[in-house]
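[1] After the sequence you'll find the predicted model.
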Amino acid sequence: MSMMQTLLKLWPFIWPHRKLLITSSLFAILIALFWGANLSVVFPIAKVFLDGKSLPGYVQEEIASAELQVAKMKYRVEQAQQKLEALDPKKFDETSFRREQISLLEDQSKNQSLLSTASSKLTMYQWLNATVIPWAPEDPFNCFSLILCILLLATVLKGACEYAQDVLIGSMVELVAMDIRKGCFRKALKLDYQTLSKEGTSGLMSRFTYDINILATGLSLLGGKVIREPFKAVTCIVCAFLVNWQLTTLILVFVPITGLIFYRFGKLLKRASQRMMESMTRIYKTLEESFSALKVVIAFGNGRAHRRRFHLENKEFYRKAMRIVRIDALTGPVTEAMGMCAFFVALMPCSYLLLRGTTSIGGIKLAETAPDVATLGLFFAFLAGAIDPIRKLSSVYSKLKRSTAAADRVLAFMETETLVKQDEQPLTLAKLSKTIEFQNISFSYYTKENERRNEVLSDVSLTIDHGEVVVVVGENGSGKSTLINLLPRYYDPSRGSVLFDGVDIQQARLTDLRSQIGVVTQETLLFDDTIYENIRYGFPGATKTQIEDVALRAGVMQFIDNLPDGFDTVVGEKGSALSGGQRQRIALARAMLRDPAILILDEATSAIDAQSETLILQGLRRFAAGRTVFIVTHLMSPSILDFVTKVLIMDRGKLVAYGPHADVLRTCPVYQNLFHARLAKHAA
């Protein structure tokens, strides 16, 4: 994606803050004008120092010279007109007459052009004489002092404009970055679980932090130097054209050459930047894995292995970053060399015209009049003034390309399509009251390259009556959790349909569907907030009485009084301030608060002690009445069997049995093996 395409895609984020961009651009124009004005003082200073003239005297001389030139050119134009009128076709043959006529017309046109130039020059000096010169002192020293004061004032004003532009652009960039960050977060929350899982926490964090920071750096340069410096260069080039357009045109030959070189550098920089950001994602991943599994790292004494992995990832990042550094290091010398070549091309002919006192080289006219030292100094000042902004732009070129690569990564994420989509005109889904049907369900996960893996579920069909308490059993990898995760549409099946009371949930409104489901996962996910707020998360509109009621039913009240702050106790990151059983009871209370038609416990009791499991199951038994409950578990304890109505057995992605515990135990060998093995484990 080119830089312009990337900028166009970012424009919706920039547009709301366009006033800041426009205002900063106006300040950039002022900076360019002050820049050109500062350089233009070379001419009057040279006149005062080198020729010892006062500015009023110099302007009067130029007016007199221009008036003489205007009169001379008028005379020549009139002479050419008279010759054209006196041209007698009878004295020439037709070819000679045409040739003579064309020659006279060319001479008249040339003199007319010179007259126009001389008239413009006369008008300019007359304007200076009328508006500026009355303020200029006659004494050379006083005049020089005034010029320096004007230069100082222009420099201060230019600095004030630069400050204002940088502040305005800084404000715009921070606002745009904030909008992009919020847009990415909104997009992440709209994507399905599988897509986000493929990206991984480290990849997401890299985009939300490192990539957006680099993108913001590029926007800051685009709104600052990339606007300001070209204006300065253009101002100087226009002024150089006014001094001598022929020599300035020679310099512009180097523009396409320099552009081609930077285009080649740009492609290399963008590829290298993308690889470097991918390497940063792996560094984030190493940090995330090391810190999230800190207990394991410490217990097994494998800190050295993690340090080595982190070292290798940093070395890889260094290697890719140095490729950018090397390419970037070339841009400065190349730009300087191109600038010196352009300077050389202008310096040699200009010096020749000055030292030889002529206006042409080899018959090619390069000036209207032979230049003096002051004119030459002014011309070179404008050339240097044009080259300096270009040199500054070359130093930011690599940063812009890195920013473009970062923007491409962020925009690619924001353009990611969710795999779980809602119909444009979704059906309203009433609260479940009859059945849940799985019809010919097959499912396979996507790889990071968006290719389907082998099937995890294969042609699963069954009907579950509302109000059943179903325990879902199977070995690791049998597909039991995947099957149940289809209910809240964490994923959609590759083939087949899931129906609630005969309505395909893919055609239903997602909010209607998920509002009927409460989930308690194996890894209890609590937020770093109070116990009260973690329970209220299940239904933000709940009253205090409702929250206390579900806390009592889920067994939370049995430990809440032992905490110093009660419901206001902050649970810490991921609930680290509480025990596993306490966390699970809070999670169950949160799910109960939704008053769901379907309750899913995915290995919810696998990592807690027997007492906590008993308390949770007691609360669950009372809560399960009139709801469909799914308990995904590896361990069939007697307390679970006390209130389970059906057992669902999965094996290698297939449904092998479904029915009451006694019937399935009698007829299903897979369940017999699982049940007896786990009973033995439980007894032990």
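    Right, received. Where do you want to start?

[2] Would you work out how far apart the start and end of stretch 520-540 are?
    17 Å (C-alpha to C-alpha, to the nearest Å).

[3] buried ones in it?
    Of all the residues in stretch 520-540, those buried under the rule 16 or more other C-beta atoms under 10 Å are 520-522, 524, 526, 530-539. (C-beta placed from N, C-alpha, C; glycine too.)

[4] how about the CA coordinates for stretch 577-595, as CSV?
    Taking Å, rounded to 0.1, in the frame of the first residue of the first chain, the C-alpha atoms of stretch 577-595 are listed here in CSV:
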residue,chain,number,x,y,z
ALA,A,577,-6.2,-11.6,46.0
LEU,A,578,-8.7,-14.5,46.4
SER,A,579,-8.5,-18.3,46.4
GLY,A,580,-9.6,-20.4,43.4
GLY,A,581,-12.8,-21.5,45.1
GLN,A,582,-13.7,-17.9,46.0
ARG,A,583,-13.1,-16.7,42.5
GLN,A,584,-15.3,-19.5,41.1
ARG,A,585,-18.1,-18.7,43.4
ILE,A,586,-18.0,-15.0,42.4
ALA,A,587,-18.0,-16.1,38.7
LEU,A,588,-21.0,-18.3,39.4
ALA,A,589,-22.8,-15.4,41.1
ARG,A,590,-22.1,-13.2,38.1
ALA,A,591,-23.6,-15.8,35.8
MET,A,592,-26.6,-16.3,38.0
LEU,A,593,-27.3,-12.6,38.1
ARG,A,594,-28.1,-12.7,34.4
ASP,A,595,-31.0,-15.0,35.2
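
[5] tell me which of the buried residues of stretch 520-540 is nearest to Ser576?
    Nearest to Ser576 among the buried residues of stretch 520-540, counting by C-beta to C-beta, is Leu526 at 9.0 Å.

[6] would you say that closest one is within a helix?
    No. Using DSSP: H, G, I helix; E, B strand; the rest coil, the assignment for Leu526 is coil, not a helix.

[7] can you pull out the strands in the stretch 251-400 of the chain?
    360-361, 364-365 (DSSP state E, counting those that start in this stretch).

[8] so Ile464 sits right up against Val470, yeah?
    Yes. With contact defined as C-beta atoms under 8 Å, Ile464 counts as touching Val470 (6.1 Å).

[9] where do the contact lists of the two overlap?
    The contact sets of Ile464 and Val470 overlap at Thr628, Lys646 (C-beta atoms under 8 Å, 6 or more residues apart in numbering).

[10] Assign Ala160 to helix, strand or coil.
    Secondary structure for Ala160, judged by three-state DSSP, is helix.

[11] One more: Ile631?
    At Ile631, secondary structure determined by three-state DSSP is strand.

[12] any idea which of the strands of the stretch 251-400 of the chain scores lowest on pLDDT?
    Lowest mean pLDDT within the strands of the stretch 251-400 of the chain: strand 364-365, a mean of 64.

[13] returning to that earlier point: more neighbours: Ile464 and Val470, which one.
    Higher neighbour count among Ile464 and Val470: Val470, with 21 against 18, using other C-beta atoms under 10 Å.

[14] I'd assumed Phe630 was in contact with the more buried one.
    Yes. Here Val470 reaches Phe630: they are 5.3 Å apart, a contact under C-beta under 8 Å.

[15] hmm, back to that, now, among the buried residues of stretch 520-540, which is nearest to Arg181?
    Using C-beta to C-beta, these come closest to Arg181 at Tyr537, 23.2 Å.

[16] how much space between the closest one and Gly619?
    Tyr537 sits at a distance of 18 Å from Gly619 (criterion: C-beta to C-beta, to the nearest Å).

[17] tell me the contacts of Leu393?
    For Leu393, the contacting residues are Lys225, Val226, Glu229, Pro230, by C-beta under 8 Å, 6+ apart.

[18] which of those are buried?
    For the contacts of Leu393, a neighbour count by 16+ other C-beta under 10 Å gives the buried set as Lys225, Val226, Glu229.

[19] Quick check: beta-bridge partners of the spatially closest residue to Phe630 that is not a sequence neighbour?
    Nearest residue to Phe630 in three dimensions, chain neighbours excluded: Ile600, at 4.9 Å (C-beta to C-beta, 6 or more residues apart in numbering). On the basis of DSSP bridges, Ile600 is bridged to Val519, Phe630.

[20] what's the pLDDT at Ile600?
    pLDDT for Ile600: 90.

[21] same question, the one 4 residues further on
    Ala604 is assigned a predicted lDDT (pLDDT) of 63.

[22] I'd say Gly467 and Phe643 touch.
    No. If you go by C-beta under 8 Å, Gly467 and Phe643 don't touch, sitting 12.0 Å apart.

[23] Same question for the helix or strand where Leu33 lies: list its buried residues.
    Assigned by DSSP states H and E, Leu33 falls within helix 18-40. For helix 18-40, the buried set under the neighbour-count rule, 16+ other C-beta under 10 Å, comprises 20-21, 24-25, 27-40.

[24] swap in stretch 309-325?
    Those would be Arg309, Glu313, Asn314, Glu316, Phe317, Lys320, Ala321, Arg323, Ile324, for stretch 309-325 by 16+ other C-beta under 10 Å.
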